[in-house]
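Q: Need the 3D shape of this:
(2 chains)
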Number of protein chains: 2
Amino acid sequence: MELSHRKVTKKLRFTDRNGNALKEREISIKQINHAFLFGCGAFDFIPYVMKGEDKQLTDSWLEIFNYATLPFYWGEYEPEEGKPNREKLMKTAQYLKEQGVKVKGHPLCWHTVCADWLMKYDTQTILKKQLARIEREVGGFKGVIDIWDVINEVVIMPIFDKYDNAVTRICKELGRVGLIREVFARAHECNPDAVLLLNDFNTTTNYEILIDGCLNAGVPISAIGIQSHQHQGYWGREKLEEVLERFSHFGLPIHFTENTLISGEIMPAYIEDLNDWVVDEWPTTPEGEERQEKEIEEMYRILFSHPLVEAITTWDFRDGAWLKAPSGFIRQDRSRKPSFEMLKKLVKQEWWTDQVVQTDENGFAEVVAFKGDYRISCGNEKAELSLTDDTEQTVIME
Amino acid sequence: MELSHRKVTKKLRFTDRNGNALKEREISIKQINHAFLFGCGAFDFIPYVMKGEDKQLTDSWLEIFNYATLPFYWGEYEPEEGKPNREKLMKTAQYLKEQGVKVKGHPLCWHTVCADWLMKYDTQTILKKQLARIEREVGGFKGVIDIWDVINEVVIMPIFDKYDNAVTRICKELGRVGLIREVFARAHECNPDAVLLLNDFNTTTNYEILIDGCLNAGVPISAIGIQSHQHQGYWGREKLEEVLERFSHFGLPIHFTENTLISGEIMPAYIEDLNDWVVDEWPTTPEGEERQEKEIEEMYRILFSHPLVEAITTWDFRDGAWLKAPSGFIRQDRSRKPSFEMLKKLVKQEWWTDQVVQTDENGFAEVVAFKGDYRISCGNEKAELSLTDDTEQTVIME
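A: Here you go, the predicted model:
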């Protein structure tokens, strides 16, 4: 696996606070964060931050991940018009930020878990309220949340017919690209530096053509979001590489936004909408856990080795969340599955830099290291820095 | 069937050349052409115009149709670089124009029947030559051909893999909407009044999303082209109405550009690319002709009653053309099928106006008539005019 795109190879010059080179010294270079976004659903942080619940769980989460998805489903975020649940989301996002975790808000516009109270308005008013909602969240959380799934599952949005909802109505009226353009324009206006994603579970030509149309219409998409809920079985290397190949044509960063690989029985293939699979329980099994570990490892290795992939987010951290599936790294009893240990080893050992280099007589040392944030030390002298490219750099230790 | 959108209801005032009202007179109002485009493939006019072949065939054609598709397949139009077959196309188009027939050129950009000599060039050069080709044809035929299938079958274009070809290469590079934008821009620039079509056999969500993207990217599409080759069986009312409903959302005129309903055995459903069905002969049968007549009648009635449909083109006028199919109105022996007589009756009787009206004491008469061109007469006094809307009009007879 070729990983040079994940690393810097650069000359560093180390000096003391007065600019004197640290000659022929041993310098410790310890990674403290990844530039790559290793993400996971972080809904469980809300009860922890608000009520102190289940710290063991959230602390386990923090052992691996540096990128959190928090829920902004309109129907849950603002169940009654004008009374959004802002505080708990803001506090949780701030807590995560303090732990060095980047936060993504998911999603700003979606036809599912939509606010029912919107349906009493006419289409123009719904659109106005949708855009005002985007302004409120993107503007209001700026600096704390700067990554957004702006709009979710647009391929199906205007033809979604399981139930009436306000967002399908506006999508029918404006068309897919028309609605995408409006919501992205508003989000971009409210936070021009934000990473703005289009996100879909549809990985067919439909989604390719949609992205193509959006880019030609000038929609400021920062990254392509691809869902990969694999309750019905692992895609496998071939499909994964084929999807990567097709969505690489745009040259945009790719985020795997919602990954699921389960450690129990596979959902039957005839189920079209995963939500239609309703079970009382869905146990994790030893064979399932072994399979899950292997599949997650293969998948993460393939994605990490692809230069355009910048994020992989696993949807459920623990079993029994969405669909009651055994979809987590952690069992219902909070014990760790093999997949947890495997992924932690990949993220914090194999793809992690912790080394000592020797400076030359001018204070220089060449460093090869995974892109990310570093703590540098030499005796009592310390520095922190980000290593993101190959340009030569001077490090002043204090 | 509601057909008011196909008719004018207007007050006409009839005068002599000196402006004196023709009071209480009988006025004959005879339609000579339709505003609606009743089209058919007109490739057979080329041997007639160039070599006088088969006048019986082309004269039969002219009994029904007012809209002709002529072939501009690049590989046939310009088999050797720099030596286009301009003359025969120009002469044929001019002949058709003299018969009151509008001509469409088909197509300017397509991955099939593409010029092989293009493949020796790099992608940028191919694109340059593609755009120069559009400039040459659209500019060069302006005034004779003002309707163009600008680009054909883009949904499949970049993933078409049956054989390498120059157009798939540029479509891969620019993306679907990117290429559409380039070719439409050039065509529009060379003839701003031309009717410019996007044309596809794919009627799924893919094509909807493609159109949506194009319109949001500002591509000047005049009409949506929908192919309907039904060698594998008639779509039926339900599918036809469903397709019309979905493609009506854009509010653009719709052209059924390539319609086929056969009068022989149906092609098996497992064939994916119609071109893969290779047979020695494909006979027309009496039962097949009866079925064909019924299906064509139902289909034309549904399309003519839809306000956004402005053109229906049957692909083959006579049997044995594309795929050797019994797809024509005329058998191989040049005799007429029931479908010919039926369609002629629809187009030239049921949907045709030929009436006498009586003017009042001020020379006024109210006229309800199918939109189109008319020859008016009153004794020896005559006039020609187009009836296209409901505004009051004065007709000066000379």
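Q: For whichever residue of the stretch 201-350 of chain A sits closest to chain B, which non-adjacent residue is spatially closest?
A: Going by C-beta to the nearest C-beta, chain B is nearest to residue A:213 of the stretch 201-350 of chain A, at 1.6 Å. For every residue, glycine as well, the C-beta is placed using N, CA and C. The shortest distance from residue A:213 to any non-neighbouring residue, by C-beta to C-beta, 6 or more residues apart in numbering or on different chains, is to residue B:213 (1.6 Å).
Q: shaky segments in chain A?
A: Applying pLDDT under 70 to chain A picks out residues A:1.
Q: Contact residues of it facing chain B?
A: With the criterion set to C-beta under 8 Å from any C-beta of the partner chain, chain A comes near chain B through A:155, A:159, A:172, A:175-178, A:181, A:205-206, A:209-210, A:212-218, A:249-250.
Q: Just the residues contacting the helix or strand hosting residue A:172, thanks.
A: Using DSSP states H and E, residue A:172 maps to helix A:166-174. Helix A:166-174 has contacts (C-beta atoms under 8 Å, 6 or more residues apart in numbering or on different chains) with A:109-111, A:114-115, A:118-119, A:121, A:123, A:126-127, A:130, A:154, A:157-158, A:160, A:179, A:182, B:249.
Q: Go ahead and produce CSV holding the CA coordinates of it.
A: These are the backbone C-alpha positions of helix A:166-174, laid out as CSV (Å, rounded to 0.1, in the frame of the first residue of the first chain):
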residue,chain,number,x,y,z
ALA,A,166,-41.8,19.7,3.5
VAL,A,167,-38.3,19.2,1.9
THR,A,168,-39.5,16.8,-0.8
ARG,A,169,-42.0,19.5,-1.7
ILE,A,170,-39.4,22.2,-2.2
CYS,A,171,-37.1,19.8,-4.1
LYS,A,172,-40.0,19.0,-6.5
GLU,A,173,-40.5,22.6,-7.1
LEU,A,174,-36.9,23.7,-7.5
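Q: List the buried residues for that helix?
A: Neighbour counts over helix A:166-174 (16 or more other C-beta atoms under 10 Å in any protein chain shown) mark A:166, A:167, A:168, A:169, A:170, A:171, A:172, A:174 as buried.
Q: Could you export those residues as CSV, including distance to residue A:379?
A: Output for these, formatted as CSV (distance: C-beta to C-beta, whole Å):
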residue, distance to residue A:379
A:166, 62
A:167, 59
A:168, 63
A:169, 66
A:170, 62
A:171, 61
A:172, 67
A:174, 63
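Q: before we move on, back to that, now name the helix or strand holding the residue of the stretch 201-350 of chain A closest to chain B.
A: Using DSSP H and E, the element containing residue A:213 is helix A:205-216.
Q: Summarise which helices and strands that helix is packed against.
A: helix A:176-190, strand A:195-200, helix A:236-248, helix B:176-190, helix B:205-216 (3 or more C-beta pairs under 8 Å, 6 or more residues apart in numbering or on different chains; DSSP states H and E).
Q: Serialize those to a markdown table and add fields for mean neighbour count and distance to residue A:284.
A: Shown next, in a markdown table, are these (neighbours: other C-beta atoms under 10 Å in any protein chain shown; distance: least, C-beta to C-beta, whole Å):
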| stretch | mean neighbour count | distance to residue A:284 |
| --- | --- | --- |
| helix A:176-190 | 22 | 38 |
| strand A:195-200 | 24 | 27 |
| helix A:236-248 | 14 | 21 |
| helix B:176-190 | 22 | 43 |
| helix B:205-216 | 24 | 37 |
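Q: okay if I get those as a markdown table plus distance to residue B:232?
A: What follows is the helices and strands packed on helix A:205-216, written out as a markdown table (distance: least, C-beta to C-beta, whole Å):
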| stretch | distance to residue B:232 |
| --- | --- |
| helix A:176-190 | 29 |
| strand A:195-200 | 31 |
| helix A:236-248 | 28 |
| helix B:176-190 | 26 |
| helix B:205-216 | 18 |
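Q: For the residue nearest to residue A:213, which residues are in contact?
A: Taking C-beta under 8 Å, 6+ apart, we find residue B:213 in contact with A:177, A:209, A:210, A:212, A:213, A:214, A:216, A:217, B:176, B:177.
Q: Angles on the backbone of residue A:123, please.
A: phi -60, psi -40 (degrees, to the nearest 10).
Q: Counting neighbours, what do you get for it?
A: Residues lying near residue A:123 (other C-beta atoms under 10 Å in any protein chain shown) number 13.
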